[in-house]
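*Asks:* A structural model of the following input is requested.
(2 chains)
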2 protein chains.
Amino acid sequence: LVCKVELLCIGNELLIGKTLNTNSQWLSEKITKLGGDVTRVTVVGDDVKTIASALRETLRRRPDVVVTSGGLGPTFDDKTLQAFSKAFRRQLQLNRNALRLVSSRYAKVLGKKDPKLTPPRLKMAMLPVGAKAVPNPVGTAPAVTLTASGVKFLILPGVPAELQAIFEQSFAEPIKKMAGRQFPYETNIVISGLLESQVAPLIDRVMSEVPEIYVKSHAKGGEGTKGGYLELHFSTRARSVKTARDRILRAVTLMSQLLGSLDEEILTSRSRFLKQEP
Amino acid sequence: LVCKVELLCIGNELLIGKTLNTNSQWLSEKITKLGGDVTRVTVVGDDVKTIASALRETLRRRPDVVVTSGGLGPTFDDKTLQAFSKAFRRQLQLNRNALRLVSSRYAKVLGKKDPKLTPPRLKMAMLPVGAKAVPNPVGTAPAVTLTASGVKFLILPGVPAELQAIFEQSFAEPIKKMAGRQFPYETNIVISGLLESQVAPLIDRVMSEVPEIYVKSHAKGGEGTKGGYLELHFSTRARSVKTARDRILRAVTLMSQLLGSLDEEILTSRSRFLKQEP
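*Replies:* So this is what the prediction gives:
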């Protein structure tokens, strides 16, 4: 029972490199910790046709959940709901709950009982048929949920503070429930004095001897240079924290023994150290 | 003559939120400045089947270039070339040029004339039929180029320093040439004291009066709060720097006039300022 999640990030600012996509990292880390499995991230620009294609494409891969970010605001370049409408042939209509949320937000911000509901403001309350509005505790545009072809779409604004607040308040718990009892566990080991190609066979050995462990190596600081080192990332997921932790411990211990008994070409310095991060 | 580019970033570390995807931002910014048009970014994990599907999917959208990052190293989790082999039915074979690059790199790093070419090392020289090896000035795994169905694939390692050095050395110039004479130009304006929904109609007006200008608004620092402000990003692309700059100037001037003549509900403070970033 793993919850497969895709992310779809919408915004030209991501495609021109103006904005670093911290939303996808934040969501990925969060969802992984909740026991979910992020299988793909897609980034597209502010174009209805492109967003709509990307939405339809997700259906083919049968994720349980698709989280979108961006494109819910009042300006012309906010096209996400229009794209949902096009992708799933659901007309946009004024959603009462969304209207109430938008209206009370402007009442508060402007300090007026009856703020003008101009077209840009009404735009944020026009949702595809069957969609639901979700409160935005720190911003104006409500989030939206929608189910299409059995896939749950969680539609978030792109402003990081808003995305995070809405996710924590309304989406974290449901994803945790969908994922069931899944405890992810990970640790890092840092090795110096060896090349990635020398450690490669040891990783293979650890992965074949310890079930359901995943070891990934990252060469850092310039491989083969003075400052170069290798980071090994051990990760697993189990039904209990104990099982997950025991598995990681076994793998790290085995790796340490294999490294100790290694008789290999050695780099400039013979020293190599193991440092385990918390 | 715009060069349409897609990015495909490969690595589980991106999908669990362990690593922030700075490669996609770096590449996007670089390619935009060279006159190219990044149309999509996709992130997938270290799985041959998934990478291969993602590669085949890019063909449908007919980009000119696809840049991939990650998965070229010596360890089992480096699966990018295997995925290319599967996606385009091209067998992996020992590439002489790649072998020369890998071998001379290990000779240098280990200070030996004939470094052992162990299986993990040979792995980096096994390229799909028809692929070419490209020197990696700061790391071990060569980059690779491959053309399939008229799409040029530029295949880069995921270590940022290596990705950047290879791109600058071997790929920047060809992309610039493919893009032709395209000068992108952009500027930011910062506005306080107005809500995004108040500025929305002005943006529409500027975009309809100044041709080929794109204005995108970003609410920052909490809309409607003391620290909140709006950032307007003006961008365009033209055949000459002068045309591009003139267009941006016209748009910014018009926006400034429209803001000056605005008679709207105003926030707590009546002040609003315009600050133009370089």
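
*Asks:* and the stretch 151-278 of chain A, which of its residues are near chain B?
*Replies:* Remark: the part of the stretch 151-278 of chain A in contact with chain B comprises A:159, A:161, A:184, A:186, A:195-201, A:203-204, A:207, A:214-220, A:222-224, A:233, A:235, A:265, A:267-268, using Cβ under 8 Å from any Cβ of the partner chain. Glycine gets a C-beta too; all of them are placed from N, C-alpha and C.

*Asks:* Just the buried ones from these, in ChimeraX syntax?
*Replies:* Command for ChimeraX that selects the buried part of those, burial taken from 16 or more other Cβ atoms under 10 Å in any protein chain shown:
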select /A:159,184,186,195,196,197,198,199,200,201,203,207,214,215,216,217,218,219,220,223,224,233,235,265,267
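
*Asks:* Would you confirm that A:Phe167 belongs to a helix?
*Replies:* Yes. Counting by DSSP: H, G, I helix; E, B strand; the rest coil, A:Phe167 is located in a helix.

*Asks:* Isn't it up against A:Leu156?
*Replies:* Yes. A:Phe167 is within contact range of A:Leu156, at 6.6 Å (criterion: Cβ atoms under 8 Å).

*Asks:* what do these two both touch?
*Replies:* Residues within reach of A:Phe167 and of A:Leu156 at once, by Cβ atoms under 8 Å, 6 or more residues apart in numbering or on different chains, are A:Val67.

*Asks:* excluding its backbone neighbours, what's nearest A:Ile213?
*Replies:* By the measure of Cβ to Cβ, 6 or more residues apart in numbering or on different chains, the closest residue to A:Ile213 outside its immediate chain neighbours is A:Ala251, 4.6 Å from it.

*Asks:* ok so that neighbour is a helix residue?
*Replies:* Yes. Secondary structure of A:Ala251 (three-state DSSP): part of a helix.

*Asks:* if I pick it, what's in contact with it?
*Replies:* Taking Cβ under 8 Å, 6+ apart as the contact definition, A:Ala251 lies against A:Val206, A:Val210, A:Ile213, A:Val215, A:Phe234, A:Thr236.

*Asks:* out of these, which are inside helices?
*Replies:* Residues from the contacts of A:Ala251 lying in helices, with DSSP state H as the criterion: A:Val206.

*Asks:* Of the contacts of A:Ala251, just say which sits nearest to B:Gly73.
*Replies:* Distance from B:Gly73 was checked for each of the contacts of A:Ala251 by Cβ to Cβ. The minimum falls on A:Val215, at 13.2 Å.

*Asks:* isn't that closest one right next to A:Met207, touching?
*Replies:* Yes. A:Val215 sits in contact with A:Met207 when judged by Cβ under 8 Å, with a separation of 5.7 Å.

*Asks:* Which SSE is immediately downstream of the helix or strand containing A:Glu173?
*Replies:* With secondary structure defined by DSSP states H and E, A:Glu173 is part of helix A:172-179. Next helix or strand after helix A:172-179 toward the C-terminus (DSSP H and E): strand A:183-191.

*Asks:* That following strand pairs with which strands?
*Replies:* Using DSSP bridges, strand A:183-191 pairs in its sheet with strand A:229-238 (antiparallel), strand A:274-276 (antiparallel).

*Asks:* Format those as CSV; extra columns: distance to B:Cys9.
*Replies:* As requested, those are arranged in CSV below (distance: least, Cβ to Cβ, whole Å):
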stretch, distance to B:Cys9
strand A:229-238, 17
strand A:274-276, 28
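
*Asks:* Nearest residue to A:Lys18 in space, please, no chain neighbours.
*Replies:* B:His233 (6.8 Å).

*Asks:* re earlier: more neighbours: which of A:Phe167 and A:Leu156?
*Replies:* A:Leu156 (30 against 21; other Cβ atoms under 10 Å in any protein chain shown).

*Asks:* Now for that one: which residues touch it?
*Replies:* Applying Cβ under 8 Å, 6+ apart to A:Leu156 gives the contacts A:Val67, A:Thr68, A:Ser69, A:Gly70, A:Leu72, A:Ala143, A:Glu162, A:Leu163, A:Ile166, A:Phe167.

*Asks:* Now do the contacts for the last one.
*Replies:* Spelled out, that is A:Phe167. A:Leu27, A:Lys30, A:Val67, A:Leu154, A:Leu156.

*Asks:* Bridge partners for the last one, pull those for me.
*Replies:* For A:Leu156, the beta-bridge partners under DSSP bridges are A:Ser69.

*Asks:* Can you show me the strands along chain A?
*Replies:* For chain A, the strands defined by DSSP state E cover A:4-10, A:37-44, A:65-69, A:92-94, A:126-128, A:132-134, A:143-148, A:151-156, A:183-191, A:214-220, A:229-238, A:274-276.

*Asks:* who does the second one pair up with?
*Replies:* Translated: strand A:37-44. Based on DSSP bridges, the pairing partners of strand A:37-44 within the sheet are strand A:4-10 (parallel), strand B:36-44 (antiparallel).

*Asks:* For those strands, give me CSV that also has mean pLDDT, distance to B:Leu94 and mean neighbour count.
*Replies:* Written out in CSV, the entries for these read as follows (pLDDT from 0 to 100; distance: least, Cβ to Cβ, whole Å; neighbours: other Cβ atoms under 10 Å in any protein chain shown):
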stretch, mean pLDDT, distance to B:Leu94, mean neighbour count
strand A:4-10, 98, 37, 25
strand B:36-44, 97, 27, 24
